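J.: Mind looking at a prediction? Sequence and model below.
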Amino acid sequence: MFEFCADPSALPDWQWFVCYLTSGTHLAFYRSFVVVVLLLLVVAPVALGMGLLGAMALRSHFAPVTLLGRGYVNLVRGVPDIVFFLFVPIALGQGIEWVLHQINCPDWDQPIRQGNDFIVCREAKMPPVGASAWARDVYAFGMAVVAFALVFGAFAANTLFGAMQAVPRAQTETAEAYGMTRAQAFRRIVMPQMWVYALPGLSNIWQILIKATPLLFLLGIQDVVYWARELGGAKTSLYTYPHPDWRVWYFLVLLAFYLFLTWTSERGFGWLTIRLSRGQATAEGERQRRKGLA
């Protein structure tokens, strides 16, 4: 990056570290932190949306919808997360390729399944053959979002369903007695109040989601843990920047990063709890009323 980095072996210590920490691999390491934060920001609303749909399915009086919701929640909660992180991208990727194969290669006369191999025509490959590096990264990132959202959406569904059940039934019955439909009572009575009951559970799910981001490497994404291990490992004189085993320092950086994420998240959820408790019949709402805040 800097002109004086042309010959790192002849540099004094401080300049050597400047060149070392601004090398191309370190820039990729710094970008991986952005990928983690971006994954969290994308997965959270998607998983919450899936959780809301799952909770409404559990609450439905239509048996097939209820069974579908229960099947989704119980299946995901009963299977180790790592299985879904490995299975979903493979199954979804092959499903997309199969559809594209049927559309783009109707004259294909070979079986797609050949033993353990899944073979489709060149036009059906995903990501496309010859795709740029950024396109492959976006594809892998999209698969990661689907896998994470599917897993954490099931946990959110169970939490939101419990929160819906915590809203006193008498309130919805009163609303229906005044002429509201069941959907209107849900939208105007249950939805505004359930978030107070759901926040503690959603906060735990968010923290677990943060801790699960190192599993990105299973999906072929070079995440922060991958780069910390690669850059921190001992490098011999064959490398431009030889050094002993520095992994402990890299993992201390990751420790600080994840602790910062969880600390700021805890503060954010604390603020949300206070905000949503205003006027509610909860301990926090009562405390606010006594102080004249609500």
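T.: Perfect, I can see it now.
J.: In the stretch 51-200 of the chain, where is pLDDT below threshold?
T.: Low-confidence segments of the stretch 51-200 of the chain, defined by pLDDT under 70, are absent.
J.: show me where the stretch 1-150 of the chain has strands.
T.: 113-114, 117-118 (DSSP state E, counting those that start in this stretch).
J.: So which of the ones you listed is the most surrounded?
T.: Of the strands of the stretch 1-150 of the chain, the one with the most neighbours on average (mean count of other C-beta atoms under 10 Å) is strand 117-118, at a mean of 11. (Each C-beta comes from the backbone N, C-alpha and C, glycine too.)
J.: Give me the sheet partners of that strand and which way each runs.
T.: Using DSSP bridges, strand 117-118 pairs in its sheet with strand 113-114 (antiparallel).
J.: now the strand it pairs with, how far from the centre of its chain.
T.: Strand 113-114 sits 33 Å away from the centroid of its parent chain (C-alpha atoms, centre = their mean, to the nearest Å).
J.: neighbouring contacts of it?
T.: The contact list for strand 113-114 (C-beta atoms under 8 Å, 6 or more residues apart in numbering) is empty.
J.: and Lys157, how far is that from Gly93?
T.: Residue 157: Ala, not Lys. Ala157 is 25 Å from Gly93, where distance means C-beta to C-beta, to the nearest Å.
J.: Of the two, which one has the most company?
T.: The neighbour count for Ala157 versus Gly93, taken as other C-beta atoms under 10 Å, is higher for Ala157 (27 against 17).
J.: Now for that one: which residues touch it?
T.: Taking C-beta under 8 Å, 6+ apart, we find Ala157 in contact with 50-55, 57-58, 69, 72-73.
J.: can you check Arg136 too?
T.: So Arg136 contacts Pro127 (C-beta under 8 Å, 6+ apart).
J.: I'd like the distance between it and Val190.
T.: Distance from Arg136 to Val190, counting by C-beta to C-beta: 44 Å.
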